[in-house]
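I'll drop the sequence and a predicted model, then ask my questions.
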Amino acid sequence: MSRTAAILLAAGSGTRMAGAVTDKVLAPLAGRPVFAHTVAAFMASAIADYYVVLYRDQRQMTELAAYAPTPSALVHGGRERQDSVMNALAALPGDIAYVFIHDCARPLVRPEQLVALHKIVRRENAVVLAHRVTDTIKEHRDDARLRTLDRSRLWAMETPQVFARDLIVRAYARVAARGLSITDDAAAVELLGHPIALLENPHPNPKLTTPDDLSYLEFLLSRP
């Protein structure tokens, strides 16, 4: 049977937290660290056979290890997000067929969503949790003119982003070979021209970026 791994990205610097917390993925949220909420969702879904946790430094590694799922490897993160992902991909056991990649600063992912993503990736080889854009989005051109984009075709990418292992490895090899800078894993797969399925998320799945986000996440967790 094909095995699945989950890469849990926790090595981000959190520079936009403005010193409110020393480590956003270890910040307290509803009585436990942000990271622990992500781990709980993955463990409840039972979709992963193996985990790779990306850490920033030795102090953070020690704290993350207390909440890390099993079996897992703790791997040092890179300078940028894409470097961390490549480090994690290199650390995967050889029998892993599918890979979840999740930013642990999104602690509201739900077990049922993970299960749904797992089913889709086995069929499509690439799937991303996402939500439809509801705002009117305009492109600001160099000549100061605006162009309105068709929002019916626009989606905001979230995580997890899930791929067949060989596909995401080839995609990141292309990124490295071209010396590109990307902000999500789907962008790497786009370079190969491979289609990517979207799983629409009807629930809020915000990323913890600023201090105000903590209170918003607390509010969301308090809802039934």
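Nice, thanks for sending it over.

Could you list the buried residues of the host helix or strand of Ala36?
Applying DSSP states H and E as the criterion places Ala36 in helix 34-45. In terms of neighbour count (16 or more other Cβ atoms under 10 Å), helix 34-45 has its buried residues at 34-39, 41-42, 45. (Each C-beta comes from the backbone N, C-alpha and C, glycine too.)

hey, which strand is longest across the protein?
Criterion DSSP state E: the longest strand present in the chain is strand 155-164.

low-scoring stretches of the chain, by residue?
The chain contains residues with pLDDT under 70 at 1, 13-22.

Please enumerate the helices of it.
34-45, 58-65, 81-90, 111-124, 165-178, 185-190, 211-222 (DSSP state H).

Of all those helices, which one is nearest Ser2?
helix 111-124 (7.4 Å; Cβ to Cβ).

Pick the most deeply packed of the helices of the chain.
helix 185-190 (a mean of 22; mean count of other Cβ atoms under 10 Å).

about what we covered before: show me what the longest strand of the chain is in contact with.
If you take Cβ atoms under 8 Å, 6 or more residues apart in numbering as the criterion, strand 155-164 is touched by 6, 97-103, 106, 109, 113-114, 117-118, 120-121, 125-133, 171, 184-186, 189, 198, 201, 205.

strands paired with it, and their directions?
strand 96-103 (antiparallel), strand 126-132 (antiparallel) (DSSP bridges).

how about the nearest residue to Glu158 once chain neighbours are set aside, what does it touch?
Spatial nearest neighbour of Glu158, excluding adjacent residues (Cβ to Cβ, 6 or more residues apart in numbering): Leu129 at 4.5 Å. Contact analysis of Leu129 by Cβ under 8 Å, 6+ apart lists 109, 113, 117, 158-161, 199, 201, 205.

try Asp83
Gly77.

so Phe42 makes contact with Tyr51?
Yes: the pair Phe42 / Tyr51 is scored as a contact, 7.4 Å apart, by Cβ atoms under 8 Å.

who does the helix holding Ala36 touch, helix- and strand-wise?
Where contact means 3 or more Cβ pairs under 8 Å, 6 or more residues apart in numbering; DSSP states H and E, helix 34-45 is packed against strand 3-9, strand 96-103, helix 111-124.

orientation of the shortest one relative to helix 111-124 in degrees?
Okay, so that is strand 3-9. Interaxial angle, strand 3-9 versus helix 111-124 (axes from the mean of the first three to the mean of the last three Cα atoms, to 10 degrees): 120 degrees.

Who wins on neighbours among the contacts of Leu129?
Within those, Pro160 tops the neighbour count with 30 neighbours, counted by other Cβ atoms under 10 Å.

export the helices and strands packed on helix 34-45 to CSV and tack on distance to His194?
Formatted as CSV, the helices and strands packed on helix 34-45 follow (distance: least, Cβ to Cβ, whole Å):
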stretch, distance to His194
strand 3-9, 19
strand 96-103, 14
helix 111-124, 9
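
out of those, which comes closest to Ala73?
strand 3-9 (9.6 Å).

Tell me what angle the closest one forms with helix 58-65.
130 degrees.

Between helix 81-90 and strand 3-9, find me the angle.
Using the same axes, to 10 degrees: strand 3-9 against helix 81-90 is 150 degrees.

Can you name every helix or strand that strand 3-9 contacts?
Against strand 3-9 (3+ Cβ pairs under 8 Å, 6+ apart) you get helix 34-45, strand 50-55, helix 81-90, strand 96-103.
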